[in-house]
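> Fold the following for me, if possible:
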Amino acid sequence: MSIFTTVEEYIQSFPEEIQHKLNGLLQAIQEAAPAAQETINYGIPTFKLGGNLVHFAAYKKHIGFYPAPSAIKKFQKELSSYKTAKGSVQFPLDQPLPLQLIKDIVAFRVRENAEKEGE
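Numbers count the residues shown, from 1 in each chain. Take a look at the predicted model:
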C-alpha cells in the first residue's frame, strides 16, 4: 500500500477515469467547505473543519464517502439508492456521482461541526 502525503498524490495514483470522478468529488467538497483543511488520515483523503468533516476513498467498484453517522441518518432518504453503513456510503463507479447531494452533505457537516464548537 502506498503512503500518500497529499490528496493530489492520492488521486493521481488511480487510472484516469477514476481520477476524473475523484477530482469532481474533491471539487464538490471544496465548494461546500472552502475553509476545510485537506490532509491524509488513515491513508485516505480527509477534510477537517472544527474536527473531521468527511473522508473519501476509491475502491475497485465504488467510491467510499465517509461523512459520519449523523449525515448518513440525516440524508437517509436521498441516499436510499446507494449502499450505506453507519457512517459511510458507496457510490458505484459505473454511475455518475451525485455531486449536489455530496455538497449538501458536506454543508450539513460544516454546520454540525460549527454547532459542536459553539457548545
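
> Can you check the distance spanned by stretch 39-50, start to finish?
Start-to-end span of stretch 39-50 (Cα to Cα, to the nearest Å) is 14 Å.

> Would you mark the buried spots in it?
Neighbour-count burial for stretch 39-50 flags I40, P45, T46, F47, K48, L49, G50 (criterion: 16 or more other Cβ atoms under 10 Å). The way it works is simple: take the backbone N, C-alpha and C, and place the C-beta from them, glycine included.

> Strands of the protein, residue ranges please.
Counting by DSSP state E, the chain has strands at residues 37-41, 44-48, 52-58, 62-66, 83-85, 88-92.

> Reformat those into CSV and put distance to K103 next to each item.
Formatted as CSV, the entries for the strands of the chain read as follows, by distance: least, Cβ to Cβ, whole Å:
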stretch, distance to K103
strand 37-41, 16
strand 44-48, 13
strand 52-58, 11
strand 62-66, 12
strand 83-85, 18
strand 88-92, 14
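
> Of all these, which one is nearest F108?
Of all those, the one in closest proximity to F108, counting by Cβ to Cβ, is strand 52-58 (10.1 Å).

> Dump the closest one to PDB, restricted to CA.
In PDB, the C-alpha atoms belonging to strand 52-58 read as follows (Å, rounded to 0.1, in the frame of the first residue of the first chain):
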ATOM      1  CA  ASN A  52     -13.200  15.700  11.000                       C
ATOM      2  CA  LEU A  53     -15.600  16.700   8.300                       C
ATOM      3  CA  VAL A  54     -15.600  14.000   5.600                       C
ATOM      4  CA  HIS A  55     -13.300  11.300   4.100                       C
ATOM      5  CA  PHE A  56     -13.300   9.500   0.800                       C
ATOM      6  CA  ALA A  57     -11.500   6.600  -0.800                       C
ATOM      7  CA  ALA A  58     -11.600   4.800  -4.200                       C
END
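
> Fine by me, we can end here.
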